[in-house]
Each structure stands twice: as structure tokens, then as C-alpha cells.
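Peer 1: mind folding the following:
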Amino acid sequence: MPRIVAPSMLSADFGHLDRDTRTVDRSAAEWIHIDVMDGLFVPNISFGFPVLKAIRRASAKCLDVHLMIVEPERYVERFVEAGADVVTFHFEAARDIPACIDLIRRAGARVGISLKPATPVAVLRDILPLVDMVLIMSVEPGFGGQSFMPASLQKVAELRAMIREQGLATLIEVDGGISAANARALYDAGADILVAGSSVFGAADPEQEISHLLHA
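Peer 2: Numbering: from 1, shown residues only. You can find the predicted model right below:
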């Protein structure tokens, strides 16, 4: 299975966003993770289209856009137009999941679907064949810097078993409280992509920390 690190720009220095984006662009990370929050689905507000466009100009890497917003169907096409390569929406937020998946596909991006910590992976059994990636939240969505929830390891393992059972190539991404200390356990459980914010941008050498995450 691949190992991909996707540094989360939510933990970057917003006053030096171009600098931090270019740091990630030089690194071994293949993806850049961008959290979009609307203040409704989660109690915080973050990036919008102008910021995504600026990050797109500063990097050619895969832009992994995580929509923590209500009615994501209203905006997925605009996020793809702004530069998203992968658009992930929440199972708990979409009114019509198949329609949202179709909108993302028709816009030309890969499709991800995300689960909050309390949502069991079993809800995705019939949806798995329709998506490219599942994002398991290992903290409550909405804020950076939270502690990893160990129960997420079992969710990852259950999801990996479900993917194998269906003979799919669906990727598993995990986001929340991730560092070099728990990366190996997540890879062993079946994760492909690790989103890391505070551990990367809080490190003295972000590029070296990304390497540590990849080779844990």
C-alpha cells in the first residue's frame, strides 16, 4: 500500500502561507490537505476559494480539500475550479450522497467521503464502490491541535477489511492528532494517507518531520 503524508495547512502560519506552502512543495509529502470550515457543520471558520487558489499557485502537488460544511453539494464544483484535485465531504453533512459524489466526478476531481469519530464505518458499506477515498477523523472535526483518539485504529482496521472484502482499491486517509509516534500503528492498521498539521508545522524542521511520518 502507498504511504502518503498530507500536511494540513490549517496549522500553517497564515501570515506566511506562501512560504509554508512552498516548504511542503519541496518536501516528500505528495498531498497538501486543506480544511474548509463553515462555522455551521463545525464551530470554526477557515479557508475559502481565494486561499485555495493562492495555495494552488504555490504548489503543483495534489490538493486534498476536506469540506466540513453543510450542503457540500452547493460548492463542490467551485472548489474543483479553484484547484482541488480531491474533494472530500462528510457523510453526516450531505443531503444526497450519490448526487454529491456525481457532482465531484463530473467536475473532474477524485471523491472522498469522511466520517466523524462517532459514525461507524458500516454506514459506508454500499457507498465504498462509489468513492476513491475514505477519511477517518481521529479527532472531532473543527479544530487543530487535538489529541489522537486511539479507537480510530479499530475503525481503520474495520474499513480496510471491508475494502478487501469488496475487492476495491479505495484509499484510507486519517486526520487528527497524527505524529511520528502513532504513524506506524496507523499504517499497520491499513491507512494509506496521514494528515498531519501541528506535528509538521510545529516542528523545527517540517520537511524532516514529514520524512519521519513517511518512514515510521
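
Peer 1: please, where are all the helices along this structure?
Peer 2: For the chain, applying DSSP state H gives helices covering 17-26, 49-58, 76-81, 97-107, 152-165, 180-189, 198-201, 206-214.

Peer 1: out of those, deepest packed?
Peer 2: Stretch with highest mean neighbour count among the helices of the chain: helix 198-201 (a mean of 22; mean count of other CB atoms under 10 Å). Using the backbone N, CA and C atoms, a C-beta is placed for each residue, glycine as well.

Peer 1: hang on, the earlier thing: relative to P117, which of the helices of the chain is closest?
Peer 2: Checking the helices of the chain against P117 by CB to CB gives helix 152-165 as the closest, at 7.0 Å.

Peer 1: check the offset of that closest one from the chain's centre.
Peer 2: Relative to the mean C-alpha coordinate of its chain, helix 152-165 is positioned 17 Å out (CA atoms, centre = their mean, to the nearest Å).

Peer 1: so which elements touch it?
Peer 2: strand 133-137, strand 171-175, helix 180-189 (3 or more CB pairs under 8 Å, 6 or more residues apart in numbering; DSSP states H and E).

Peer 1: mind putting the ones you listed in a markdown table, mean pLDDT and distance to T88 included?
Peer 2: Listed next are these as a markdown table, based on pLDDT from 0 to 100; distance: least, CB to CB, whole Å:
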| stretch | mean pLDDT | distance to T88 |
| --- | --- | --- |
| strand 133-137 | 98 | 5 |
| strand 171-175 | 98 | 8 |
| helix 180-189 | 96 | 17 |
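
Peer 1: out of the helices of the chain, flag the one nearest V65.
Peer 2: helix 76-81 (5.3 Å).

Peer 1: send me the closest one as PDB with only the CA atoms.
Peer 2: Provided in PDB are the C-alpha atoms of helix 76-81 (Å, rounded to 0.1, in the frame of the first residue of the first chain):
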ATOM      1  CA  VAL A  76     -18.000  21.200  -4.800                       C
ATOM      2  CA  GLU A  77     -17.800  22.400  -8.400                       C
ATOM      3  CA  ARG A  78     -16.400  25.800  -7.300                       C
ATOM      4  CA  PHE A  79     -13.700  24.100  -5.200                       C
ATOM      5  CA  VAL A  80     -12.600  22.000  -8.100                       C
ATOM      6  CA  GLU A  81     -12.500  25.100 -10.300                       C
END
